[in-house]
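J.: here is my input, please return the structure:
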Amino acid sequence: MEIPKGITVRIEGHKIIAKGPQGEVQKSFPKGTDVKVNGSSVEVHATDKAIKGTLESIISSMFHGTSSGYTRNLKLLYAHFPITIEVKGSDVLVKNFLGEKQARKTVLIGSTKVLAKGQSVTVSGPDKEAVGQTIANLRTAMRIKDKDGRVFQDGIYEVEV
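T.: Numbering: from 1, shown residues only. Below you'll find the predicted structure:
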């Protein structure tokens with residue numbers, strides 16, 4: 001597969017590292033597979049066809065992420081208590097969820113960034129898996145435990161823009 005312009009790829013042991021204008025992404029590949037960089041292309045060799053296809057898909061998403069990045073738009077929904085999100089370093093604090101005095105805490109994964117303005121939250125970064133895991137961490141932090149989820153539907157939801 002061809003390496004897009006503006007992206008550099010290098011192999012270190014069983015890791016492939018892609019670097020572009022949006023950042024750097026590292027992925028490990030399993031033993032028994034071989035990934036080589038030949039000029040402006042990457043070659044994947046594996047004994048199993050499914051593993052080869054998976055690795056090619058992962059490398060393709062690395063190229064997309066390092067060139068243009070991944071962005072997901074979310075919205076905070078609440079009935080009575082306004083939820084606020086605050087980012088401190090790699091920690092994300094969810095304050096006033098269901099009127100709780102103690103803030104709920106989660107972490108950012110990799111080089112993911114969270115931008116919160118009012119009810120809209122934007123999660124972006126060069127690594128598709130890290131962006132998805134950060135969203136999953138936010139949803140887990142806002143899980144409603146001791147109340148009926150059909151009645152109390154406060155939380156964070158993905159919206160289309």
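
J.: quick check: buried residues in the longest helix along the chain?
T.: Ranked by residue count and defined by DSSP state H, the top helix of the chain is helix 49-67. By neighbour count with 16 or more other Cβ atoms under 10 Å, helix 49-67 contains the buried residues 54-56, 58-59, 61-67. Where you see a C-beta, it was placed from the backbone N, CA and C, and this is true even at glycine.

J.: for it, packing partners?
T.: strand 15-20, strand 23-28, strand 33-38, strand 41-46, helix 128-141 (3 or more Cβ pairs under 8 Å, 6 or more residues apart in numbering; DSSP states H and E).

J.: as TSV, these with distance to F81, mean neighbour count and mean pLDDT would be great.
T.: Shown next, in TSV, are these (distance: least, Cβ to Cβ, whole Å; neighbours: other Cβ atoms under 10 Å; pLDDT from 0 to 100):
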stretch	distance to F81	mean neighbour count	mean pLDDT
strand 15-20	41	19	94
strand 23-28	35	16	94
strand 33-38	50	14	91
strand 41-46	50	15	92
helix 128-141	15	18	95
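
J.: nearest to V94, out of those?
T.: Closest to V94 of the helices and strands packed on helix 49-67 is helix 128-141 (Cβ to Cβ; 5.4 Å).

J.: who are the packing partners of the closest one?
T.: helix 49-67, strand 70-77, strand 91-95, strand 104-107, strand 120-125, strand 155-158.

J.: of these, which is nearest K147?
T.: The nearest among the helices and strands packed on helix 128-141, by Cβ to Cβ, is strand 155-158 at 11.7 Å.

J.: roughly how far is the closest one from the heart of the chain?
T.: Remark: strand 155-158 is offset 15 Å from the chain centroid, using Cα atoms, centre = their mean, to the nearest Å.

J.: understood, closing this out.
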